[in-house]
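1. Sequence plus the predicted model coming up.
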Amino acid sequence: MRFRVRYDCPADLVADSEQFAAGGFLVRVEAPPGLELYAAVELEIATAEASVSLPGQVVQTVPGVGVAIAFAADDPELAAVVASARAAGGAPAGTAAHSIATDAAPAGAGPHEAGDNPAQMIHRARHGNRDERMQIMRGTNHSLQQYVLQNPGLKLDEVATIARMATLAPDLLKAIVDRREWAQRPEVALALVRNPRTPVPLAIRMLDFVAPNDLRRLARGSSLRMPVLRAARKKVVGS
């Protein structure tokens, strides 16, 4: 499940950045039926110029108020979006739009595509454009998502975004790890380390490819699973 917050006014995002810095955010929507406490979700922060998707976890639901989501506060892409909003300035407008995407339709398909047969859906996953690829990866059809990783148009920044998705199946994250040209890129390795769905042994292995500054930040934090955090701290001490 993806929670999306869109800011039309940069000052509104800056005002909310105090919540970001604390590693959490209150999305002002009614909790959908069946949403469980501590469920893995995705939080998308978007402006007119950029967006960032963060793997998160539901930590509280408040009827009539919203859903509180915890996430890694030191995400560099989120920091870049906030910095851009600070530079843009402007007065708060109170126009942030909060919404939920449940991805209930067939993964990768819009309403007009719901009748596609399996062969057509696989073709779209393997040869579709960027929007189609990301729509599939944000969906729930895990068997279809593996074909997106075979799409020759897949870019490195998309791989990093996919590696951050806390809704992704562990075997798909392993498929990213197994692609050396992806896994050894620092931004992808960092995403895999942070993702709570990455199997622990693989997350520890990916620490070898995390940039030194990011590795030190990981070691100082507390958002990683304990075995991964211990391994990160050991690497920092031994470096």
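-> Ah, there it is.
2. now the strands: where do they sit in the chain?
-> 2-7, 24-27, 40-47, 51-62, 66-71, 97-101 (DSSP state E).
3. Of the ones you listed, which is nearest Arg225?
-> Shortest separation from Arg225 across the strands of the chain is recorded for strand 51-62, at 11.9 Å, computed as C-beta to C-beta. C-betas here are computed from N, CA, C, even on glycine.
4. Tell me which strands the closest one pairs with, and in which orientation.
-> Strands flanking strand 51-62 in the sheet, each with its direction: strand 40-47 (antiparallel), strand 66-71 (antiparallel) (DSSP bridges).
5. Mind putting the strands of the chain into CSV with mean neighbour count, mean pLDDT and distance to Asp171?
-> Rendered in CSV, the data for the strands of the chain read as follows (neighbours: other C-beta atoms under 10 Å; pLDDT from 0 to 100; distance: least, C-beta to C-beta, whole Å):
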stretch, mean neighbour count, mean pLDDT, distance to Asp171
strand 2-7, 20, 89, 21
strand 24-27, 19, 90, 29
strand 40-47, 21, 87, 16
strand 51-62, 19, 86, 17
strand 66-71, 21, 89, 23
strand 97-101, 14, 74, 23
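6. Out of the ones you listed, which gets nearest to Ala191?
-> With C-beta to C-beta, the closest approach to Ala191 among the strands of the chain belongs to strand 51-62: 8.5 Å.
7. Using CSV, list the CA coordinates for that closest one.
-> Written as CSV, here are the backbone C-alpha positions of strand 51-62 (Å, rounded to 0.1, in the frame of the first residue of the first chain):
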residue,chain,number,x,y,z
SER,A,51,9.2,12.8,-5.8
VAL,A,52,10.8,10.3,-3.4
SER,A,53,9.4,6.9,-2.3
LEU,A,54,10.3,5.7,1.1
PRO,A,55,9.8,2.2,2.6
GLY,A,56,8.0,2.7,5.9
GLN,A,57,6.0,1.0,8.7
VAL,A,58,2.6,1.9,10.2
VAL,A,59,3.2,2.8,13.8
GLN,A,60,-0.2,4.3,14.7
THR,A,61,-3.7,4.9,13.3
VAL,A,62,-5.9,7.6,14.7
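8. any residues touching that strand, and which ones?
-> Counting contacts by C-beta atoms under 8 Å, 6 or more residues apart in numbering, the residues outside strand 51-62 that touch it are 2-3, 24, 26, 31, 35-46, 67-72, 75, 77-78, 80-81, 161, 164-167, 194-197.
9. Parallel or antiparallel, which strands does the worst-scoring helix or strand of the chain on mean pLDDT pair with?
-> For the chain, the helix or strand with the lowest mean confidence is strand 97-101, at a mean of 74 (criterion: mean pLDDT, DSSP states H and E). Paired neighbours of strand 97-101 in the sheet (DSSP bridges): strand 2-7 (antiparallel).
10. Which pLDDT value belongs to the residue lying closest to Pro199 once chain neighbours are set aside?
-> Excluding the flanking residues, the one nearest Pro199 by C-beta to C-beta, 6 or more residues apart in numbering is Pro170, at 5.4 Å. The confidence metric pLDDT takes the value 91 at Pro170.
11. Equivalent analysis for the one 5 residues further on, please.
-> According to the prediction, Ala175 has pLDDT 95.
12. ok, now Asp75?
-> We have a pLDDT of 80 for Asp75.
13. Rebuild the strands of the chain as JSON lines, extending it with distance to Gln150.
-> Converted to JSON lines, the strands of the chain look like this (distance: least, C-beta to C-beta, whole Å):
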{"stretch": "strand 2-7", "distance to Gln150": "23"}
{"stretch": "strand 24-27", "distance to Gln150": "33"}
{"stretch": "strand 40-47", "distance to Gln150": "23"}
{"stretch": "strand 51-62", "distance to Gln150": "21"}
{"stretch": "strand 66-71", "distance to Gln150": "29"}
{"stretch": "strand 97-101", "distance to Gln150": "25"}
